[in-house]
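*Asks:* Sharing a sequence plus its predicted fold:
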2 protein chains.
Amino acid sequence: MDINEFQKMMKQLYFSRDAERGQEKTLAWLEDKVQELREALQEGNVKEARKEFADVLAWLASLANVVGIDLEKAALSKYDNKCPKCKQNPCDCPF
Amino acid sequence: MDINEFQKMMKQLYFSRDAERGQEKTLAWLEDKVQELREALQEGNVKEARKEFADVLAWLASLANVVGIDLEKAALSKYDNKCPKCKQNPCDCPF
């Protein structure tokens, strides 16, 4: 599924409450989900980690909807089959 | 672009150094990028926010590559055109 299509699905499912909640609280939810992803990974709980990856992506898309940014366009305008810094594929930046 | 295709692009570009850096430090980078996204949004800097959305997605994909999780499968197995909690579209969960 396209990144854009996923963002649109999140919009259809959640935009009404995302808009009402607003940027700050949606950011806080995204941060919570990253924390939960950290915990699942540190516990080595792969099943839970899969759900948390889903949640981080979902909340990132919700946040993009709240602020009116196209996540796929944003991603591809920075990462376009080459490293944005060294312009190589694979990346050849010095460590 | 598919979520999966984006993850594969990140793998091609960065997997060698992502794998060397490992889970913990890649998680830390993801957290930093979420923080930078927060700062850009709070400053109302839309141009910068677009780049930070790109970076959060990129680092989420890198982390998924490090731990061997398919981000698109994970996302669609939880969010499948209905809210995973109330099973409605749009979501009808109580606040």
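*Replies:* Good, I have the coordinates. Numbers count the residues shown, from 1 in each chain, chains lettered A, B, ... in the order given.

*Asks:* can we go C-alpha only for contacts and neighbour counts from here?
*Replies:* Will do.

*Asks:* can you tell if stretch A:19-37 touches chain B?
*Replies:* Yes - if you take C-alpha under 8 Å from any C-alpha of the partner chain as the test, stretch A:19-37 does meet chain B, through A:Leu27, A:Glu31, A:Val34.

*Asks:* Redo the residues you listed as a markdown table? Include neighbour count and distance to B:Tyr14.
*Replies:* Below are those laid out as a markdown table (neighbours: other C-alpha atoms under 10 Å in any protein chain shown; distance: C-alpha to C-alpha, whole Å):
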| residue | neighbour count | distance to B:Tyr14 |
| --- | --- | --- |
| A:Leu27 | 22 | 27 |
| A:Glu31 | 19 | 24 |
| A:Val34 | 23 | 21 |
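
*Asks:* In JSON lines: those, plus pLDDT, secondary structure and distance to B:Asn81.
*Replies:* Putting those into JSON lines (pLDDT from 0 to 100; DSSP: H, G, I helix; E, B strand; the rest coil; distance: C-alpha to C-alpha, whole Å) gives the following:
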{"residue": "A:Leu27", "pLDDT": "98", "secondary structure": "helix", "distance to B:Asn81": "23"}
{"residue": "A:Glu31", "pLDDT": "98", "secondary structure": "helix", "distance to B:Asn81": "24"}
{"residue": "A:Val34", "pLDDT": "98", "secondary structure": "helix", "distance to B:Asn81": "23"}
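
*Asks:* In contact with A:Leu71, which residues?
*Replies:* Neighbouring residues of A:Leu71 by C-alpha atoms under 8 Å, 6 or more residues apart in numbering or on different chains: A:Ile3, A:Asn4, A:Gln7, A:Ala61, A:Ala64, B:Arg50, B:Phe53, B:Ala54.

*Asks:* what does the host helix or strand of the fifth one rub up against?
*Replies:* Here A:Ala64, judged by DSSP states H and E, is contained in helix A:46-67. When contacts are taken as C-alpha under 8 Å, 6+ apart, the neighbours of helix A:46-67 outside the stretch itself are A:6-7, A:10-11, A:14-15, A:18-19, A:22-23, A:26-27, A:29-30, A:33-34, A:36-37, A:40-41, A:70-71, B:53, B:57, B:60, B:64, B:69, B:71, B:74-76, B:78-79.

*Asks:* and the angle for it with helix B:46-67?
*Replies:* Relative orientation of helix A:46-67 versus helix B:46-67 (axes from the mean of the first three to the mean of the last three C-alpha atoms, to 10 degrees): 170 degrees.

*Asks:* Just checking, which helix or strand succeeds helix A:46-67 along the chain?
*Replies:* helix A:71-78.
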